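*Asks:* Just need the structure, nothing else, for what follows:
(one chain, ligands or ions: 1)
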Amino acid sequence: MQWEQVKDWLSAARSIAVLTGAGISAESGIPTFRGEGGLWRNFRAEDLATPQAFARDPLLVWEWYAWRRELIARAEPNPGHLALAALEPRIPEFHLITQNVDGLHDRAGSRAILKIHGDLWDLRCTRCQRQWTDRSVPLVELPPRCECGSIARPGVVWFGEGLPPCVWEQARRAASGCQLLLVVGTSAVVYPAAGLAPLAKSAGAKVVEVNVGDTPLSDLADVTLRGPASEILPVVCG
Ligand code: OAD
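*Replies:* Below is the predicted model of the structure:
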C-alpha cells in the first residue's frame, strides 16, 4: 500500500531530490559505518576520518582508505543504484545528493550527482593542494605522494571539516526546492547532511525514507519503507 503511494508520488513529481548514505551500497558488499562490519581494526570512522588522526598517523589512515578502495574496486553497483540512475532521465528536475565516496552511483549511470563528502578516488596534496584522480588498487605507495614530494590525502570530507561550499549550496537548493525527497540508507546522524530532510519538509516537500531500520528521520518522514534499498528502489522507481 505504502509502496504504491510512493510509486505514484515518484511518477507524478516534476522535481525530486535523493539523499543517499552507506546503506545503499551495503548490498554491493561495502560495510556501512555504523552497522555490522563497520569497524576496521577496531577503529570507528570517527577515530580515523579526522584531520587530527591524519596528522597523528597518516599511514594508519591511508591503510584504512586502501582497504576501502580495494573493497569498492571489487564491488558492483546494485539494483538500488541502478534504479536511481534509471529514474533520473524521467524527472525534469532531479538531483542525487550522496554522502558516499565510493563512486558506485557514477558507475550505475547517474549523472547529476552532488558528492557532498567528496570522492575516494580523488587525492589532494597536503602542501600545494593539487587535486587528481587515482583509481589504482593497490596504490603504488602508502601514503601516496604528490609530484611536489609532499604527502597526499584522500579527497574526502573528514569530521570537523566544512563541506565543499558550492556542492553543499546546490544540495541545499535541491532539497529546499524539490517536491519529494527520497532518503535512502543513511543513519541521519551526521550533520549537515542530516539537516537536508527537515529543510525539504519545512519547504513543503514530501519526505520518503528507505532504510532497513529506524533513524532520527523516521518520525519526520511522510512514509518510511522498511527493507533493503536494492529491493525497494527497483519497485517504487520502476
Ligand atoms: P551509516 O553507517 O551511519 O548508516 C547506514 C544506514 O543504512 C543505517 O541507517 C542502516 O540502517 C541503513 N542500511 C543498512 N543496510 C541497508 C540496506 N541494504 N538498505 C537500506 N538501508 C540500509 O552511514 P551514513 O549515514 O552514510 O562520513 O553515514 C554518514 C557519514 O558518516 C558518512 O558519509 C561518513 C560516516 O562517517 C564521513 O566519513 C565524513
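*Asks:* Tell me which other helices or strands the lengthiest helix in the chain touches.
*Replies:* The longest helix of the chain (DSSP state H) is helix 58-74. For helix 58-74, the packing partners by 3 or more Cβ pairs under 8 Å, 6 or more residues apart in numbering; DSSP states H and E come out as helix 45-48, helix 51-56, strand 118-125, strand 152-156. The C-beta positions use only the backbone N, C-alpha and C, and glycine is treated the same way.
*Asks:* Need the residues that contact it.
*Replies:* For helix 58-74, the external contacting residues (Cβ atoms under 8 Å, 6 or more residues apart in numbering) are 29-31, 40-41, 43, 48-49, 53-54, 102-104, 120-121, 135, 137-139, 142-144, 151, 153-154.
*Asks:* quick one: residue 103 and residue 120 touch, right?
*Replies:* Yes. Using Cβ atoms under 8 Å, residue 103 is in contact with residue 120, at 6.8 Å.
*Asks:* Mean neighbour count, distance to residue 197 and mean pLDDT for the helices and strands packed on helix 58-74 - can I get that in CSV?
*Replies:* Formatted as CSV, those follow (neighbours: other Cβ atoms under 10 Å; distance: least, Cβ to Cβ, whole Å; pLDDT from 0 to 100):
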stretch, mean neighbour count, distance to residue 197, mean pLDDT
helix 45-48, 17, 21, 92
helix 51-56, 14, 27, 98
strand 118-125, 20, 21, 98
strand 152-156, 22, 22, 98
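*Asks:* after the strand or helix carrying residue 197 comes which helix or strand?
*Replies:* Assigned by DSSP states H and E, residue 197 belongs to helix 196-202. Following helix 196-202 in sequence order, the next helix or strand is strand 206-211 (DSSP H and E).
*Asks:* ok, residues contacting that next one?
*Replies:* Contacts of strand 206-211 (Cβ under 8 Å, 6+ apart): 6, 9, 23, 179-186, 197, 200-201, 215, 217-218, 220-227, 229, 232-233, 236.
*Asks:* Skip the chain neighbours and tell me the closest residue to residue 95.
*Replies:* residue 174 (3.6 Å; Cβ to Cβ, 6 or more residues apart in numbering).
*Asks:* what about that neighbour, how many neighbours?
*Replies:* 25 (other Cβ atoms under 10 Å).
*Asks:* coming back round to it: pull out the buried residues from the contacts of helix 58-74.
*Replies:* 30-31, 40, 48-49, 53-54, 102-104, 120-121, 139, 143-144, 151, 153-154 (16 or more other Cβ atoms under 10 Å).
*Asks:* can you narrow these to ones near the ligand?
*Replies:* Among the buried ones among the contacts of helix 58-74, proximity to the ligand is found for residue 49 (Cβ under 6 Å from any ligand atom).
*Asks:* how about residue 224, what does it touch?
*Replies:* 208-211, 214, 218.
*Asks:* of all the residues in this structure, which ones are close to the ligand?
*Replies:* So the chain meets the ligand at 21-23, 26-27, 32-35, 38, 45, 49, 99, 117, 157-159, 185-187, 190, 210-213, 215, 228-229 (Cβ under 6 Å from any ligand atom).
*Asks:* repeat that with 5 Å
*Replies:* By Cβ under 5 Å from any ligand atom, the part of the chain that sits against the ligand consists of 21-23, 26-27, 32-34, 45, 49, 99, 117, 185-187, 190, 211-213, 228-229.
*Asks:* can you give me how far the least confident helix or strand in the chain by mean pLDDT is from the chain middle?
*Replies:* Across the helices and strands of the chain, mean pLDDT, DSSP states H and E gives its lowest value to helix 45-48, namely a mean of 92. Chain-centre distance of helix 45-48: 17 Å, with Cα atoms, centre = their mean, to the nearest Å.
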